[in-house]
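Student: here's my sequence, what's the structure:
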Amino acid sequence: MKCAIITGGSRGIGRAICLKLAEEKNYHILINYTSNQAAAEETLAKVQELGSTGEILKFDVGNAEETQKVLGDWQDKNPDSVVEVIVNNAGITKDGLFMWMKHEDWNNVVNTSLNGFFNVTNFFIQKLLRNKYGRIINMVSVSGVKGTAGQTNYSAAKAAVIGATKALAQEIAKRNITVNAVAPGFIKTDMTYDLNEDELKAMIPANRFGEAEEVADLVAFLASKKSSYITGEVININGGIYS
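Tutor: Predicted coordinates for the structure are as follows:
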């Protein structure tokens, strides 16, 4: 069975990606979540409604031991399953000015985005290399590309994942595995719910927030065979926010 894993797949952009990949029916969808079980179950139900198959995997991507255990158990139970697509989408924000930033707010944000990328991708990487095919898609952010005041921790974490994307892409391109990053701007999700949309729209040439489905369309393209000559790229999807 061919599988795609989406970390932080229960809500927002992660859910939209699960549903888009489910629509295409190429993959059994592995939906990772950390805390919101109801949302994860809802996403799985929607995946099944679209005629695809899937399952839920509960683990914190930032916790190396837990990630290893849950994915190891899954692989043992599914020896013939191959994960071809990895979407590293899990991320958290703990915004605040750097001068007042708490140590744990720095660590938690960096741990989820950066170490989460390592923990999940590193678990599967040898299998991808043996299989000589794969798609790794890292969700970053406009914050990681240009930096955002009040988000030094998040900007640092996402910028680090961009660097990792470019390096890993060069290491494994010969094995027909692509590694790309997608950098959304302001997208309508729970994460941006508290932002003043009317005020911020003025900064965006497209004059609106993006939809999670628009990001999912881009991710689905990068997850497909059509994108086989694109690797090491950071693709911005932000309505022209800093062009």
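Student: quick one: pLDDT of residue 159?
Tutor: Per-residue confidence (pLDDT) for residue 159: 98.
Student: so where's the protein uncertain?
Tutor: 191-193, 243 (pLDDT under 70).
Student: okay, the helix ranked longest in it in PDB with CA atoms only?
Tutor: In the chain, with assignment by DSSP state H, the single longest helix is helix 152-172. The C-alpha coordinates for helix 152-172 follow below in PDB (Å, rounded to 0.1, in the frame of the first residue of the first chain):
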ATOM      1  CA  THR A 152      11.600  35.600  15.900                       C
ATOM      2  CA  ASN A 153      11.200  32.100  17.200                       C
ATOM      3  CA  TYR A 154       8.800  31.000  14.400                       C
ATOM      4  CA  SER A 155      10.800  32.900  11.700                       C
ATOM      5  CA  ALA A 156      14.000  31.200  12.900                       C
ATOM      6  CA  ALA A 157      12.400  27.700  12.900                       C
ATOM      7  CA  LYS A 158      10.900  28.100   9.500                       C
ATOM      8  CA  ALA A 159      14.100  29.600   8.000                       C
ATOM      9  CA  ALA A 160      16.100  26.600   9.400                       C
ATOM     10  CA  VAL A 161      13.700  24.200   7.600                       C
ATOM     11  CA  ILE A 162      14.200  26.100   4.400                       C
ATOM     12  CA  GLY A 163      18.000  25.600   4.700                       C
ATOM     13  CA  ALA A 164      17.400  21.900   5.500                       C
ATOM     14  CA  THR A 165      15.100  21.600   2.400                       C
ATOM     15  CA  LYS A 166      17.800  23.000   0.100                       C
ATOM     16  CA  ALA A 167      20.600  20.800   1.500                       C
ATOM     17  CA  LEU A 168      18.600  17.500   1.600                       C
ATOM     18  CA  ALA A 169      17.300  18.100  -1.900                       C
ATOM     19  CA  GLN A 170      20.900  18.000  -3.200                       C
ATOM     20  CA  GLU A 171      21.700  14.900  -1.300                       C
ATOM     21  CA  ILE A 172      18.900  12.700  -2.600                       C
END
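Student: that one: which residues count as buried?
Tutor: For helix 152-172, burial by neighbour count (16 or more other C-beta atoms under 10 Å) applies to 152-162, 164-166, 168-169, 172. Where you see a C-beta, it was placed from the backbone N, CA and C, and this is true even at glycine.
Student: what packs against it?
Tutor: If contacts are counted by 3 or more C-beta pairs under 8 Å, 6 or more residues apart in numbering; DSSP states H and E, helix 152-172 sits against helix 103-110, helix 116-131, strand 134-139, helix 142-146, strand 177-184, strand 234-237.
Student: now do 7 Å
Tutor: helix 103-110, helix 116-131, helix 142-146, strand 177-184 (3 or more C-beta pairs under 7 Å, 6 or more residues apart in numbering; DSSP states H and E).
Student: and that helix, how far out from the chain's middle?
Tutor: 13 Å (C-alpha atoms, centre = their mean, to the nearest Å).
Student: now do that helix and helix 116-131, the angle between them.
Tutor: 10 degrees (axes from the mean of the first three to the mean of the last three C-alpha atoms, to 10 degrees).
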